[in-house]
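Q: need a structure here:
(one chain, ligands or ions: 2)
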Amino acid sequence: MPQPVLSLKNVTVYQENNAVLTDINLEVNHGEFLYIIGKTGSGKSSLMKTLYGDLKLREGDGEFVDYNLAKLRERDIPYLRRKIGIVFQDFKLLPDRSVYENLSFVLKATGWNEKREMDSKINEVLDKVGMKSAANKMPHQISGGEQQRIAVARALLNDPEVILADEPTGNLDPQTSVEVMQLLREINQNGKTIIMATHDYALIMKFPAKTLKCDSGTLFEVVQRTV
Ligand SMILES: Nc1ncnc2c1ncn2[C@@H]1O[C@H](COP(=O)(O)OP(=O)(O)OP(=O)(O)O)[C@@H](O)[C@H]1O
Ligand SMILES: [Mg+2]
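A: Ligands and ions are numbered 1, 2, ... in the order given. Predicted structure coming up:
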């Protein structure tokens, strides 16, 4: 039996003293594509934050990319984050530097120092997202969809096992959303696990995958028809 990449047992996710989601039991295998849906405030981002170490796992057991989330120490967090790529709704590119510099900044911060190797890696990830020609552009010189492609490229830099995407299409028009989604599906087909929070039901219909819903403080699997 292959080990799951994520396993949560009897987990309660807290924001301050409020239990946002209780009694979560979840296993995600390598290579899966999983949607997390639910209305605003239902706990999607809180669950994602628990996975990338932004919220402490205070109750229950969690294993994610070989880290024990309940025992995660502050100093483990950068290493946990090297095993995952994170994509946000608002892209979070640094506005004062070029696409190339946005990517080299992350590589340097995660221990890379050979310029040739960095250039080759940056070229590789830009090629994967179809944005090689944008290396020298500033974020404001490219469209929202293109900025999100760069954010996906950035998430791929350290060859993560998993991509966590929190409403990656939330700021994009429907056509651009489909294009970013096609990119994420392609990355998933090349073997990466993707966990994506969204409330874009049209997109889920178009790209069906296993779907979990946050509702009334709990998380449960839904079948496509009833989302
Ligand atoms: N930093 C915070 N401090 C305290 N409470 C918070 C914090 N962030 C979120 N919450 C609360 O936790 C609950 C879940 O919020 P969360 O952001 O996880 O929802 P969400 O499903 O991601 O919503 P959205 O669709 O709007 O992004 C909400 O009641 C919210 O008010
Ligand atoms: Mg959210």
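
Q: hey, where'd the helices end up in the chain?
A: 44-51, 77-82, 99-109, 115-128, 144-156, 174-189, 201-206 (DSSP state H).

Q: The ones you listed: which one's closest to ligand 2?
A: The minimum distance between ligand 2 and the helices of the chain falls on helix 44-51, with 3.1 Å, by CB to the ion. All C-beta spots, glycine's among them, are computed from the backbone N, C-alpha and C.

Q: For the helices of the chain, please prepare a markdown table with the additional fields mean neighbour count and mean pLDDT.
A: A markdown table is the format used below for the helices of the chain (neighbours: other CB atoms under 10 Å; pLDDT from 0 to 100):
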| stretch | mean neighbour count | mean pLDDT |
| --- | --- | --- |
| helix 44-51 | 23 | 98 |
| helix 77-82 | 15 | 94 |
| helix 99-109 | 18 | 97 |
| helix 115-128 | 15 | 97 |
| helix 144-156 | 23 | 97 |
| helix 174-189 | 16 | 95 |
| helix 201-206 | 14 | 94 |
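
Q: now these in JSON lines, with distance to Ala70?
A: Formatted as JSON lines, those follow (distance: least, CB to CB, whole Å):
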{"stretch": "helix 44-51", "distance to Ala70": "10"}
{"stretch": "helix 77-82", "distance to Ala70": "13"}
{"stretch": "helix 99-109", "distance to Ala70": "27"}
{"stretch": "helix 115-128", "distance to Ala70": "32"}
{"stretch": "helix 144-156", "distance to Ala70": "25"}
{"stretch": "helix 174-189", "distance to Ala70": "28"}
{"stretch": "helix 201-206", "distance to Ala70": "31"}
